[in-house]
Structure formats: C-alpha cells, structure tokens
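Undergrad: After the sequence you'll find the predicted model.
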Amino acid sequence: MVSDRTEVQVSPGKEADLEALTDLYNHYIRETAITFDVVPLTPEERRPWLLSHPEDGPYRLMVARETAAPEKILGYATSSPFRPKAAYATSVETTVYLAPGAGGRGIGTVLYEQLFAALEREDLHRAYAGVTLPNEASIRLHRRLGFQQIAVYGEVGRKFGEYHDVMWFEKRLT
C-alpha cells in the first residue's frame, strides 16, 4: 500500500530485507536505550526473528520503503507473541522502529495502520507496547493509534550505565 502523504510503500518483510532490518535495529542497540538489547546482532542471529513473522497470522512484520527507492527501508512495525503461555495467545506485543532521519514524516503511523489492518482478520483481543522513557514521539504515536497507558515500570532496565523506565500501553482489538 502506498501513502501519498509520506511517499512510502508498506509491505510484509521478506528474507531479502534481513540485512537492512538488522542494520536498522543495530542502530538502536548501539546508540539508544529504546531497546534493551546491548550487543549488536548479525543477520544470522536475527534470522529466527524474521522467520517468526510470516506474511499471515497474528505475528507480522510490515516494512516501509521509500516509493522512489524501494531498496531503502525507512522503518518497520511488528506484532509478536505477548507471552509464551497459551492463555496469552490472543494478545500481541507491537513495536515500531524507524530509520535514522525518517521520523516526523508519518511513517510510524502508516506502519501501525497497515499492521493493525492486517491484524483485523486475526483472532486477537489486545495489543501491548512498551516505550522506554523518555520518548515523546513514541508516546504520541501510540496514543494517536488508540493505545491507552496502563503502567510504568520504574527503572526496569539498565543501559549505558543508567536506569530507564518503560511505559506500557494497551490497545483493544476486539
């Protein structure tokens, strides 16, 4: 799907995207506390993650590409298992990562809109998202897409020698 306002095309992620997706994620590992991973990953280490997000089902990977240069990945959104126990099967954890410099163009919104449109056909009840604080852009995105704040885990993660809070959001899907 193409959005004129952001000039991006959103489609399911594929094997050919693995290296670019890994590079994008590694930026957040190396440069930010947005993810609590602390060691950059190789594409081979990231492959199981990619394979756990097929083109159908409740666990999806949607990738935004520049329309004029489709090889350029601008970001991605995922839905993943919320917790491993069977009773959690109708809940997913969602996330969005944008390439450096891609923020402020509505790409995160388009990614989430496409992800949630795909998930409408799935047997899902709730979506959850954790946002490492501070991150006003991510908080605004989640609220704009109908997420409600449900908790803040205080100083739950330590990265770069500092403790970080995580704000948790919930979105009703049914």
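TA: Sure thing, it's come through. Numbering: from 1, shown residues only.
Undergrad: hey, let's count contacts and neighbours off CA atoms from now on
TA: Noted.
Undergrad: Tell me, how many residues neighbour Gly161?
TA: 7 (other C-alpha atoms under 10 Å).
Undergrad: which residues of the chain fall in helices?
TA: Secondary structure of the chain (DSSP state H): helices at 18-31, 43-51, 107-119, 136-144.
Undergrad: if you compare the ones you listed, which one is most tucked away?
TA: Relative to the other members of those, helix 107-119 carries the highest mean neighbour count by mean count of other C-alpha atoms under 10 Å, namely a mean of 20.
Undergrad: So which other helices or strands are in contact with that helix?
TA: strand 8-12, strand 61-66, strand 69-81, strand 91-98 (3 or more C-alpha pairs under 8 Å, 6 or more residues apart in numbering; DSSP states H and E).
Undergrad: Using a markdown table, please lay out the helices of the chain together with distance to Arg83.
TA: A markdown table is the format used below for these (distance: least, C-alpha to C-alpha, whole Å):
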| stretch | distance to Arg83 |
| --- | --- |
| helix 18-31 | 22 |
| helix 43-51 | 15 |
| helix 107-119 | 18 |
| helix 136-144 | 20 |
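Undergrad: mind checking which of the ones you listed is nearest Pro58?
TA: Using C-alpha to C-alpha as the criterion, the shortest distance between Pro58 and the helices of the chain is 6.2 Å, found for helix 107-119.
Undergrad: Identify the residues contacting that closest one?
TA: Residues from elsewhere that reach helix 107-119, judged by C-alpha atoms under 8 Å, 6 or more residues apart in numbering: 3, 6, 8, 10, 57-58, 60-64, 74-79, 96-98, 141, 145.
Undergrad: go on, stretch 7-17?
TA: Outside of stretch 7-17, the residues that reach it under the criterion C-alpha under 8 Å, 6+ apart are 1-3, 50, 55, 60-68, 70, 107, 110-111, 114.
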